[in-house]
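>>> need coordinates for the following:
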Amino acid sequence: MTETTSTTPSPQFRVMIGCDDIARRSRELAAELRRSLGDEPPLLVVVIEGARRFARLIQRGLPGALPLHEVRARSYAGTESTGEVTITTPELAVKGRDVVLLEDIVDTGRTVAALRRHFLGQGARSCRVVSLLSKPSRRVVEVEVEHVGFEIPDEFVIGYGLDYGGRYRNLPYIGVLKPEIYG
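Down below sits the predicted model:
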């Protein structure tokens, strides 16, 4: 079984959000972020693996060629949250800085809450979240997501960095994986 990379959906999933819509909304999010930030450049922190592609779009929409710093946060096994968030991050000088956390999807809220606590606990002045997708119906932890690309229903999504078992990340759109594939 090969991975589909064109704009033609596979029998395993359907397209939810097209690549043109993602690009347009990412430009709008970058503009919103520019307006909400002060004069001092923020520290851009991308949650890997999934948010890299989205983070690059946001990065391009901000002035000053800001670098992307990576953090790894894991809370899923397969399609279900484990309820535990493991954070792996290099030493970042966050004290007194505004951190912008770039996320692919905010689902249960656990990962964003843990990352926000982590950075604020290290002395960040603020920690703002920019997420491509938000699934509020799945929240178990109330978190503020300051900038949301798309609010989506409770369906298992893949593509544009999101994966299932390490597959489908490279799709140029957001697709909904059919339940018979992962169920």
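>>> would you tell me what the next helix or strand after the worst-scoring helix or strand of the chain on mean pLDDT is?
Using mean pLDDT, DSSP states H and E, strand 80-88 stands out as the lowest-scoring helix or strand of the chain, at a mean of 72. Sequence-wise, the next helix or strand downstream of strand 80-88 (DSSP states H and E) is strand 98-106.
>>> got the buried residues for that following strand?
D98, V99, V100, L101, L102, E103, D104, I105, V106 (16 or more other C-beta atoms under 10 Å). C-beta here means a position set from N, CA and C on the backbone, and glycine is covered the same way.
>>> quick one: the fifth one and C127 touch, right?
No - taking contact to mean C-beta atoms under 8 Å, the distance of 11.6 Å between L102 and C127 leaves them out of contact.
>>> find the centremost residue of this structure, please.
D104 (1.6 Å; C-alpha atoms, centre = their mean).
>>> wait, doesn't it sit right on I48?
No - between D104 and I48 there is no contact under C-beta under 8 Å: 9.4 Å.
>>> could you measure from E151 over to V106?
Using C-beta to C-beta, to the nearest Å, E151 is found at 10 Å from V106.
>>> ok, L177 next?
Relative to V106, L177 is positioned 19 Å away (C-beta to C-beta).
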